[in-house]
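Participant: give the three-dimensional model of this entry:
(3 chains)
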Amino acid sequence: MNWGSLEAFVAMGGYGPYVWGTYIVTILLLAAEVLWLRGRRRTIVRRLGLMRDISRRRAHETQA
Amino acid sequence: MTTVVFFVIVVSLFPLGVGPEMDRLRPLAAGVLWVAALLASMLSLGRLFAADYADGSLEQLLIAPQPLSLLVLGKILAHWLVSGLPMVLIAPVLGIQYDLTGAPLLVMTLSLLIGTPVLSAIGAVGAALTLGLRGGGVLIALLVLPLYVPVIIFGAGAVEATQSGIGPEGHLSLLAAFLMLSLVVGPLAAATALRISVE
Amino acid sequence: MSQRLVNWFKYSSPATFYGLAGKLVPWFAASSVVLFAIGLYIGFFMAPTDFQQGEAYRIIFIHVPAAWMSMFLYLLMAGYAALGLIFNTRLSGMMAQAIAPTGALFTFIALWSGALWGRPTWGTYWVWDARLTSELILLFLYVGFIALQASIEDPRRADKAGAVLAIVGAINVPIIYFSVQWWNTLHQGASVSLTRAPSMASVMLAGMLIMVFACWFYSIAVVLVRVRAIMLERERSSAWVAEQLADAHA
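Facilitator: Sure thing, here's the model as predicted:
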């Protein structure tokens, strides 16, 4: 264990802003990438579901 | 024609931004001239294949019996004659505006002579890839400028080496090596890119 | 023997790879989280304070892995792109397109962490040293690749054009790095380069290596998710996509 207290851990020997500035930005960017991909997948799946429903409905209409 | 005008204008604008002291301009000279040459060369790339593409003669080139790379090499040399060579010829005059004389001035001109065909060769690849795309000039710039980096490093570096007494031989030989490499790889890559863009 | 050959090509079809990728993602995602946890624990709680740089050196545990990933992913991207160009396989082109954003992201992280490491250690946020300058140019290469593909509507043309660009870029990367190093040694002279990391205690090395694997597994997971999305988007009119969605909704 390196750190005597939580304050010491956050302070990082005075370099806190640099160290945490790096890691927090990194975590945010990686999280953003994951969330973006989730959204992308959801969009395409939803759009394909809609397309399938529309084409099914059209097929029924032409049958009727 | 417009290429060399752009070149002259950009080089002349710098002192207006940076100040007229020769002591400040002299060390900047090589870098300024090289960046200006780079940008000027790049500006005319969009037109390299566009005209032929528009009137259909590009497709004729693709099915011609001659190897496409050879034809592309011809276009690259044509581009250099129209945009690169005029810059080489006017460079000594511009160099004097930055108090370059004697050996540095000669090396400056020589570096442009060897380097500008490389710019045309690499640029042809960018022009071929972006044929017919919107976003045009900016997109070519984005693709091509990173690839220009070694050319400017050694082109401008040669002048600096002369000014500091080290001698430009190393830089100029590397530049010549880039020239050989780019005249082989450039036309091949550009020909491949042309087929991809036109089909 | 021919059995195994057939199996490989089976996985080069998007339809089959889609399922395989879907099964692999959770494993790589979970592994990366575990590896990040272990790596960061080592980096913050086991590695001692550096004598010269104090606690600021701990940035290295993300800076170096990010830089390695940025370069490795570029080569991988160029490799897939080349495969797609040579063998005309759709999946290879999709993989290259899937890798690019993650590679660009790690390049940015390398630059950002490098800047924040440089400021307390050498006084400036930006240093024109060989490593950072090459990383910056690598970022431009990634952005150029992404921009080119984004501006081409036909996916096949986008794949092939991107491939030419990626291959030309890959050839240039060592040339660029060498040029920038030459340029840097000529100009920097005596000043310390950002690339000279503090001499590594084995604990620090272990932490860094684990972080590299963490980033590596993260990249695999993210790239597989992205390539699945790309497959759905591109192949939306084919039968296998309809089946996949029917299964998903069932």
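
Participant: alpha carbons only for contacts and neighbour counts from here, please
Facilitator: OK.

Participant: which of the helices or strands spans the closest residue to chain A within chain B?
Facilitator: Ranked by CA to the nearest CA, the top residue of chain B for proximity to chain A is B:Leu142, at 23.5 Å. Taking DSSP states H and E as the criterion, B:Leu142 maps to helix B:136-164.

Participant: could you list every helix and strand in contact with that helix?
Facilitator: If you count contacts as 3 or more CA pairs under 8 Å, 6 or more residues apart in numbering or on different chains; DSSP states H and E, helix B:136-164 packs onto helix B:22-43, helix B:102-129, helix B:169-198, helix C:130-150, helix C:155-188.

Participant: and these: which comes nearest C:Ser238?
Facilitator: Nearest to C:Ser238, of all the helices and strands packed on helix B:136-164, is helix C:155-188, at 15.3 Å by CA to CA.

Participant: quick one: C:Pro14 and C:Ala239, what's the gap?
Facilitator: 12 Å (CA to CA, to the nearest Å).

Participant: burial measure for B:Val4, as a count.
Facilitator: Other residues within reach of B:Val4, judged by other CA atoms under 10 Å in any protein chain shown, total 23.

Participant: which pLDDT value goes with it?
Facilitator: Per-residue confidence at B:Val4 stands at 93 (pLDDT).

Participant: residues in contact with it?
Facilitator: Residues near B:Val4 by CA atoms under 8 Å, 6 or more residues apart in numbering or on different chains: B:40, B:83, B:86-87.

Participant: about what we covered before: which one's more surrounded, C:Pro14 and C:Ala239?
Facilitator: Counting neighbours by other CA under 10 Å for C:Pro14 and for C:Ala239 shows that C:Pro14 has the greater number, 23 against 10.

Participant: count the neighbours of B:Gly165 for me.
Facilitator: With other CA under 10 Å as criterion, B:Gly165 counts 10.

Participant: repeat for A:Glu33
Facilitator: 17.

Participant: nearest residue to residue 15 in space, please, no chain neighbours.
Facilitator: Using chain A here. The shortest distance from A:Tyr15 to any non-neighbouring residue, by CA to CA, 6 or more residues apart in numbering or on different chains, is to C:Ala56 (5.6 Å).

Participant: switch to chain C, that's the one I care about
Facilitator: C:Trp240 (6.2 Å).

Participant: I'd like to know how far that neighbour sits from chain B.
Facilitator: According to CA to the nearest CA, to the nearest Å, C:Trp240 and chain B sit 28 Å apart.

Participant: so which bits of chain A are right by chain C?
Facilitator: Within chain A, the positions adjacent to chain C are A:1-3, A:12-13, A:15-16, A:18-19, A:21-23, A:26, A:29, A:34, A:37, A:40-41, A:44-45, A:48-49, A:52 by CA under 8 Å from any CA of the partner chain.

Participant: with chain B instead?
Facilitator: B:129-130, B:133-135, B:139, B:142-143, B:146-147, B:149-150, B:153-154, B:157, B:189, B:192-193, B:196-197.

Participant: and the buried ones among those, selectable in PyMOL?
Facilitator: Here is the PyMOL selection string for the buried members of the residues of chain B next to chain C, based on 16 or more other CA atoms under 10 Å in any protein chain shown:
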select buried, chain B and resi 129+130+139+142+143+146+147+149+150+153+154+157+189+192+193+196+197
